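Undergrad: Have a look at this prediction, sequence included:
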Amino acid sequence: MVITGVAGVGKSTVLQIVKTKTNYEIINFGTLMFEMAQAVGLVKDRDELRKLPVDTQINLQKKASAAIGKMDNVIVDTHMTIKTPKGYMPGLPEWVLRELKVSSYFLIEADPALILKRRNSDPSRRRDEDTIDDIIEHQQINRSYAAANSIYTAATIKFIENVEGKPDIAAQNIVKRLMP
Ligand code: AMP
Ligand code: MG
């Protein structure tokens, strides 16, 4: 299954809790892409990936999805859309879906004001200078892409709210849906 959420939504925090409660391995799509890009000198940090030419990003995306396609019982931590300087790019285009064999999507969402606050207090990342309206748009567009993607694979979609201070509830909401 695939878990997505915009930058700063608290995805990593929620997934750390999910990890302690399941046997699934959590694979970060961006980390695979970053390691591949870094190895050939394309980027120095993961926030440079989305600024690369789109065809370069697609190449890396294909390589990362091929690697993940060989793994079983994984939860993939990724993005429904990537905000590139040219516009939104699908994180899960048809060729990625074919590799990943997605059975369900979980979209982690949060109050846009909280997302903005979390981004501004995270010195480890170079986040985009988004406004509240930009974040609202990004979360909305992600729902549309999820709906479009689910047609290909009959994957289910679940929206999970990450309430401030309660990532354990969001994690529990995911864990209880991991059982067959
Ligand atoms: P993250 O740490 O999850 O924000 O991921 C870091 C970066 O990896 C993102 O900003 C994207 O540039 C890239 N990335 C992650 N997942 C995908 C994907 N499915 N397709 C394309 N790029 C991705
Ligand atoms: Mg993350």
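TA: That came through, no problem. Please read all numbers here as calculations on a predicted model, not as lab measurements. Ligands and ions are numbered 1, 2, ... in the order given.

Undergrad: residue contacts, the closest residue to ligand 1 within the chain?
TA: Relative to ligand 1, the nearest point of the chain is G30 (2.3 Å; CB to the nearest ligand atom). Where you see a C-beta, it was placed from the backbone N, CA and C, and this is true even at glycine. Shown in contact with G30 (CB atoms under 8 Å, 6 or more residues apart in numbering): R46, L49, D77, T78, H79.

Undergrad: And the closest residue to G69 other than its chain neighbours, its phi and psi?
TA: Leaving aside its chain neighbours, G69 sits nearest to E99 (3.5 Å; criterion: CB to CB, 6 or more residues apart in numbering). Backbone torsions for E99, taken as degrees, to the nearest 10, come to phi -70, psi -40.

Undergrad: which residues touch E99?
TA: S65, A66, I68, G69.

Undergrad: near ligand 1, which residues of the chain?
TA: Applying CB under 6 Å from any ligand atom, one finds that the chain approaches ligand 1 through 7, 28-30, 33, 46, 49-50, 57, 61, 78-79, 82, 91-92.

Undergrad: quick one: which of these sit in strands?
TA: Cross-referencing the residues of the chain next to ligand 1 against strands under DSSP state E gives N28, T78, I82.

Undergrad: which of the residues you listed tops the neighbour count?
TA: The residue in these with the most neighbours, by other CB atoms under 10 Å, is T78 (25 neighbours).

Undergrad: Next, report how far the top helix by length along the chain is displaced from the centre of its chain.
TA: Taking DSSP state H as the criterion, the chain has its longest helix at helix 132-153. With CA atoms, centre = their mean, to the nearest Å as the basis, helix 132-153 stands 12 Å off its chain's centre.

Undergrad: What is the end-to-end distance of stretch 77-84?
TA: Terminal residues of stretch 77-84 lie 19 Å apart, using CA to CA, to the nearest Å.

Undergrad: residue contacts, K51?
TA: By CB under 8 Å, 6+ apart, the contact list for K51 reads T84, P85.

Undergrad: rewinding a little: in TSV: the contacts of G30, plus distance to R119 and pLDDT.
TA: Converted to TSV, the contacts of G30 look like this (distance: CB to CB, whole Å; pLDDT from 0 to 100):
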residue	distance to R119	pLDDT
R46	15	94
L49	17	97
D77	17	97
T78	18	98
H79	15	98
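
Undergrad: Report the two of these separated the most.
TA: Using CB to CB, the contacts of G30 span at most 14.5 Å, a distance reached by L49 and D77.

Undergrad: any weak-confidence spans in the chain?
TA: 180 (pLDDT under 70).

Undergrad: still on that earlier bit, name the nearest of the contacts of G30 relative to F106.
TA: Lowest distance from F106 to the contacts of G30 (CB to CB) belongs to D77, with 10.2 Å.

Undergrad: re the thing from before, scan the residues of the chain next to ligand 1 and report the most crowded one.
TA: Neighbour counts for the residues of the chain next to ligand 1 (other CB under 10 Å) peak at L92, which has 28 neighbours.
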